[in-house]
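**Q** This is a predicted model, with the sequence first.
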Amino acid sequence: MNIYRMLSLVLLLFLTLGVGPNRPVVDDNATVELDVAVTDRNGNPVTGLKKENFKIFEEGVEQFVTGVSSNHKTLAVVVAVELSESFPYYLPIAEEFVKSLSDEDWGAVVSFERFPDIVVDFTHDKSPLVAGLRRLSPSYDGDVALFDALSFVLDRMKNLEQKPAILLLGTGRDSISTNRTYGQALRRAETSNTMIYTVSISQPVVQDWLPFPDQIAAFRIREAQNTLASFAYASGGLVFQPEFAGQYAAISQTVIRDLRNQYTLKFVSSGTDVGGKLRKLKVEVMDTDVDYDRKPDKLKIRHKAGIR
């Protein structure tokens, strides 16, 4: 009798498993989390928004937003500095940013010229981060592997529990990358969950007051600055191109404030992965009365370019 009962139980289990794929299930792999930053027309972060304030489109198709929450994760930030002749200009910005981190945040320092170098690995302690920055010195050989260095850092920030970000200080030049092209580095920035904040400082090669300004040098500087800025735009970060020392002080506080006042949107992707091709994302935020003057305010939103 027991044998018949066991056979009946096995048969019931087999039949149950057999019809399993036909039952409605939730595909966790299709659920996407997307960090977005929302600001007003003056660049100030906007808080208090709800799910109904957002619309998400993937390849032009509106997606179903399942949740919106304020992102209060601790930060894991890499300060990546190019050891070019402009390094002395970067140092005060980098130091001020490190000092702006909270005791719960994680910070690391990576320098790069021909190769990336982990100067200080992730730590809560600000002292070694500041000391690591002060140990660095500029190089004058002119060779920079920006694309390799950025990809190196992004690859090591995947799957962090904390909120990842990069403060990238450099000229935007690349003369010697061998592992990654510009396009490959840009694609990593577009699809990474790491927001990149770029600070571009170039020595004044061109002087407007000269009778014959070097137009070629001016073009190269602008081209390099645009290259650096493209990584920030692709990842949803911010671009800084300070021209005067007085503009340096506000950068670190602006970045910290931006990182601490963002949203995490959740949606179920209707797309499918086609050979790793980028699926473009667009998020719209509804105009909302954020200053309580009974008039809708036009809001701006930033986020990474897409998913794969």
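**A** Nice, I can see it. Numbering: from 1, shown residues only.

**Q** Where does the prediction get shaky in the chain?
**A** Under the criterion pLDDT under 70, the flagged ranges of the chain are 1-29, 202-214, 272-276.

**Q** Per the annotation, how does it divide into domains?
**A** Domain segmentation of the chain under automatic domain parsing yields 29-71+263-307, 75-259.

**Q** Point out the most buried one among the ones you listed.
**A** When you average the neighbours per residue for each of the domains of the chain (mean count of other CB atoms under 10 Å), domain 75-259 leads with a mean of 18. C-beta: built from backbone N, CA, C; applies to glycine.

**Q** Contacts only, for Ile251.
**A** Listed by CB atoms under 8 Å, 6 or more residues apart in numbering, the contact set of Ile251 reads 93, 96-97, 199, 240, 242.

**Q** Take these and keep only those in strands.
**A** Judged by DSSP state E, strands contain the following of the contacts of Ile251: 199, 240.

**Q** TSV for the contacts of Ile251, including distance to Ala217?
**A** TSV is the format used below for the contacts of Ile251 (distance: CB to CB, whole Å):
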residue	distance to Ala217
Ile93	24
Glu96	30
Phe97	29
Val199	21
Phe240	22
Pro242	19
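
**Q** Which of the contacts of Ile251 sits closest to Thr181?
**A** Val199 (23.1 Å; CB to CB).

**Q** Identify the bridge partners of that closest one.
**A** Note on Val199: beta-bridge partners Leu169, Phe240, judged by DSSP bridges.

**Q** Confirm for me that it is in contact with Leu238.
**A** No: contact criterion CB atoms under 8 Å: Val199 and Leu238 do not qualify, at 9.3 Å.

**Q** joint contacts of those two?
**A** Counting by CB under 8 Å, 6+ apart, nothing touches both Val199 and Leu238.

**Q** Just name the closest of the contacts of Ile251 to Asp103, please.
**A** Distance to Asp103 across the contacts of Ile251 (CB to CB) is lowest for Phe97, with 15.3 Å.

**Q** Quick one: residues contacting that closest one.
**A** 77, 79, 167, 251-252, 255-256.

**Q** just Ser139 next, same as before
**A** Contact analysis of Ser139 by CB under 8 Å, 6+ apart lists 83-84, 113.

**Q** just checking, which of those belong to strands?
**A** Going by DSSP E, the strands hold none of those.

**Q** how about the nearest residue to the most centrally placed residue in the chain, chain neighbours excluded?
**A** In the chain, the centroid-proximal residue (CA atoms, centre = their mean) is Met195; its distance is 1.1 Å. Distances taken as CB to CB, 6 or more residues apart in numbering place Gly237 nearest to Met195, at 4.3 Å, with adjacent residues excluded.

**Q** Confirm that the one you found sits in a strand.
**A** No: residue state for Gly237 (DSSP: H, G, I helix; E, B strand; the rest coil) corresponds to coil; a strand is not indicated.

**Q** Pull the contacting residues for it.
**A** By CB under 8 Å, 6+ apart, Gly237 lies in contact with 165-166, 195-198, 231, 302.
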